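Q: Okay, structure incoming, though there's no sequence with it:
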């Protein structure tokens, strides 16, 4: 969830302070996406990568097997995997730093001074304004993007107790409690936004710092989404495809999930509808970006359809939040009926968008069929 208008950037040497740029992200249903987009989305050179991604959706069979039905974007773009071309990554873990006797505050300051954002896991029990603060121990990820030596504080990004993506300050002492507490994961990722003028020094080794818009790939990904194709098939040389529901077939999985919810056989999870809503927002932003670049003219018939779909899904998202309080199962039944109609409308809109992109840019596209 997002805190409207949240933004932080700049450096103030007089206060012995450094705050790296971070803004309220377009996608924030999962913090991994929120951190990446919060860093990259305001750089013009990063938009081609953003809009070539955030097209495909999936629900992994692994999560279905544990009855979570976790809807997410695909490929999995979480920062811990280091597969974002505009970010330079370093990896370590808490155990290594402890064995080497590294002062965590000196470590953080040094990396922030060099432009690195710090990502790790902490115990939210000690983080003020977090959902579990002083209530229960809970391991969760945190992003540190700034410090102030005079106040002895860090700038952090978290989900707050209102389930909003929030940027706040915490003291060094609070950070120590949360960081050194037992957590299920102890790895650390450090990422730095690469500037365009660094590309020449990176392009032949780490392949960082440049990504051009690829309309053919965008159309291919839209076709994968439309036909429910497992996009992991494209990456077989890198990793085995992950089974699950892909593209518009996630609607079938969501129907299965809500059926189980009606039968009291699964826990409520509001994130599915939130991610589905963010997907529609990204489709609208993508169309407008293509118009801005001249790849789509006027009118784009699918744009009106996606604007309507986005509003409908946002309404369903809020209905699910109401169910969280009321437990009125009629709400779930109405959501299921509405999703069936949205599926049909979106199927036509995606096909129209593919056709228009191909026609206006003279692309020849042959959609892959699902095996």
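A: Sure thing, it's come through. Just so we're clear, the structure is a prediction, and the values are computed from it rather than from any experiment.

Q: Can you measure across stretch 170-189, start residue to end residue?
A: End-to-end span of stretch 170-189 (Cα to Cα, to the nearest Å): 20 Å.

Q: Buried ones in that stretch, by neighbour count?
A: Buried residues in stretch 170-189, counted by 16 or more other Cβ atoms under 10 Å: 170, 172, 174, 175, 177, 178, 179, 183, 186, 188, 189. In short, each C-beta sits where N, CA and C put it, glycine included.

Q: ditto for stretch 213-225
A: Applying 16+ other Cβ under 10 Å to stretch 213-225 flags 213, 215, 218, 219, 220, 221, 222, 223, 224, 225 as buried.

Q: Was I right to think the first one contacts residue 48?
A: By that I understand residue 213. Yes. Using Cβ atoms under 8 Å, residue 213 is in contact with residue 48, at 3.7 Å.

Q: mean confidence for the helix or strand residue 62 falls within?
A: Counting by DSSP states H and E, the element that carries residue 62 is helix 61-65. On average, the pLDDT along helix 61-65 is 95.

Q: buried set for it?
A: 63, 64.

Q: Identify the neighbouring strands of the next helix or strand after that helix in the sheet and state each direction.
A: Remark: after helix 61-65, the chain's next helix or strand is strand 71-74, criterion DSSP H and E. Using DSSP bridges, strand 71-74 pairs in its sheet with strand 56-60 (antiparallel).

Q: Show me how far the partner strand is from its chain's centre.
A: 13 Å (Cα atoms, centre = their mean, to the nearest Å).

Q: Now do it: everything it contacts.
A: 69-75, 221, 224-225, 230-231, 242-247, 250, 253-254, 275-276, 279 (Cβ atoms under 8 Å, 6 or more residues apart in numbering).

Q: If we use 6 Å, what do you get?
A: For strand 56-60, the external contacting residues (Cβ atoms under 6 Å, 6 or more residues apart in numbering) are 69, 71, 74, 221, 224-225, 231, 242, 244-246, 250, 253, 279.

Q: Kindly report the same for stretch 119-139.
A: With Cβ under 6 Å, 6+ apart, stretch 119-139 has contacts from 79, 140-143, 158, 160-161, 174, 177-179, 181, 183-185, 188-189.

Q: Return the subset of those residues lying in helices.
A: If you go by DSSP state H, the contacts of stretch 119-139 have 174, 177, 178, 179 in helices.

Q: so what's the third one up against?
A: Read it as residue 178. By Cβ under 6 Å, 6+ apart, the neighbours of residue 178 are 122, 123, 126, 127.

Q: Neighbours of the third one, how many?
A: Spelled out, that is residue 126. Neighbour count for residue 126, taken as other Cβ atoms under 10 Å: 21.

Q: just residue 233 next, same as before
A: Neighbours of residue 233 (other Cβ under 10 Å): 13.
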